[in-house]
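Student: Have a look at this fold, sequence not included:
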Ligand SMILES: O=C(O)CCC(=O)C(=O)O
Ligand SMILES: [Fe+2]
């Protein structure tokens, strides 16, 4: 558990103590709950209401904001994604639908054709009163929160607090509202609500709907363990690029969303913000050990293509 307000108010010794605790958690499970985050309830509640309103529409209305072929933003309906495929595992599609959005603007001077076509593609917002405003408001809060958490991470890694700032000045984070509907038939063999995967970027800020179930992580002991929602907290997890940055000191933990026993009546919703460094950011182990640097944008694009191919 990380209390961000406590971290921000702490002196250098207090920050180092909290940083050491965060380092321990990130080495062990890579999942932590964050309280004291300062995100207003009004912003959170507004997006829940809009997300529910969006998913409860008829299929045609949802498909009217489908992405162009290969595009990441808009409505991805049931059957379009299998997250386990991002790791080369062949499974039936995940039992979910999602609405996805990208950065609010394009950085000045960005000319990379892949960046412009993929992560800076426009988000096709639904024509629902207040949806876009609620989405953008929550996204902006997440961008600011992620930057603060990256400061905690820097301290946890014995780096200057602002170490990561140049890498995340124009992040290409994606945000996704997820709906795992109550199911009208039993899942196929190996079919989950979200197949086992690691997240691709620096960190993920997840908000499971209060009272919802199903998210599980693979523990270092090799057991699947449920991660229930924590009241008033966001669930943060490390992504692949953070694991790479720390040369494997921190874990990008395998996680999944399982089908609950009451799948026929039980839906799950969640909102996930996938913090992703600048398109051109080169991520290489901080320890200086030799490794081919990974470029943030193309890495993300390839992972998305694998899961949605
Ligand atoms: O819905 C959730 O709680 C988790 C979803 C997830 O892990 C993902 O989409 O990357
Ligand atoms: Fe995930």
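Tutor: Right, received. Where do you want to start? What you see is a predicted model; the values in this text were computed from it and never measured. Numbering: from 1, shown residues only. Ligands and ions are numbered 1, 2, ... in the order given.
Student: contacts, neighbours, all on C-alpha from now
Tutor: Noted.
Student: Okay, now the unreliable bits of the stretch 201-309 of the chain?
Tutor: Residues of the stretch 201-309 of the chain meeting the criterion pLDDT under 70: none.
Student: which parts of it sit against ligand 1?
Tutor: Within the stretch 201-309 of the chain, the positions adjacent to ligand 1 are 208, 215, 256, 270 by CA under 6 Å from any ligand atom.
Student: which residues touch the third one?
Tutor: This points to residue 256. Residues near residue 256 by CA atoms under 8 Å, 6 or more residues apart in numbering: 192, 193, 194, 195, 196, 197, 214, 215, 216, 217.
Student: For residue 253, which three-state class applies?
Tutor: For residue 253, the assignment made with DSSP: H, G, I helix; E, B strand; the rest coil gives coil.
Student: wait, residue 62
Tutor: State at residue 62, reduced to three classes by three-state DSSP: helix.
Student: Do you have the helices of the stretch 51-200 of the chain handy? List them.
Tutor: 59-63, 113-117, 131-156 (DSSP state H, counting those that start in this stretch).
Student: So what's the gap between the last one and the chain middle?
Tutor: For helix 131-156, the distance from its own C-alpha centre to the chain's C-alpha centre is 11 Å (CA atoms, centre = their mean, to the nearest Å).
Student: Would you mind pulling up the elements that that helix packs against?
Tutor: In terms of contacts (3 or more CA pairs under 8 Å, 6 or more residues apart in numbering; DSSP states H and E), helix 131-156 is packed against helix 12-28, helix 41-55, strand 203-208, strand 268-275.
Student: hmm, back to that, go through the residues of the stretch 201-309 of the chain next to ligand 1 and give me the one with the most neighbours.
Tutor: residue 208 (24 neighbours; other CA atoms under 10 Å).
Student: which residues does it contact?
Tutor: Residue 208 sits next to 229, 268, 269, 270, 271 when contact means CA under 8 Å, 6+ apart.
Student: Next: residue 169.
Tutor: Contacts of residue 169 by CA under 8 Å, 6+ apart are 277, 278.
Student: before we move on, what about residue 242?
Tutor: Per CA under 8 Å, 6+ apart, neighbours of residue 242: 201, 202, 203, 250, 252.
Student: Report how many residues lie close to the second one.
Tutor: Translated: residue 202. Other residues near residue 202 come to 25 when the count uses other CA under 10 Å.
Student: Need the phi and psi values for it.
Tutor: Note on residue 202: backbone dihedrals following degrees, to the nearest 10 are phi -80, psi -50.
Student: Tell me where the stretch 51-200 of the chain has strands.
Tutor: In the stretch 51-200 of the chain, the segments counted as strands under DSSP state E, counting those that start in this stretch are 74-76, 97-101, 174-180, 194-197.
Student: who does the first one touch, helix- and strand-wise?
Tutor: If contacts are counted by 3+ CA pairs under 8 Å, 6+ apart, strand 74-76 sits against helix 59-63, strand 97-101.
Student: Which pLDDT value goes with the one residue in the stretch 1-150 of the chain that gets nearest to ligand 1?
Tutor: Closest residue of the stretch 1-150 of the chain to ligand 1, CA to the nearest ligand atom: residue 83 (7.7 Å). Here the pLDDT value assigned to residue 83 is 94.
Student: of the contacts of residue 208, closest to ligand 1?
Tutor: Nearest to ligand 1 among the contacts of residue 208, counting by CA to the nearest ligand atom, is residue 270 at 4.9 Å.
Student: now that closest one, nearest residue through space, not along the chain?
Tutor: Nearest non-adjacent residue to residue 270, counting by CA to CA, 6 or more residues apart in numbering: residue 208, 4.3 Å away.
Student: quick one on the thing from earlier: from the contacts of residue 242, which two are the most distant?
Tutor: The two members of the contacts of residue 242 with the most space between them (CA to CA) are 201 and 250, at 13.1 Å.
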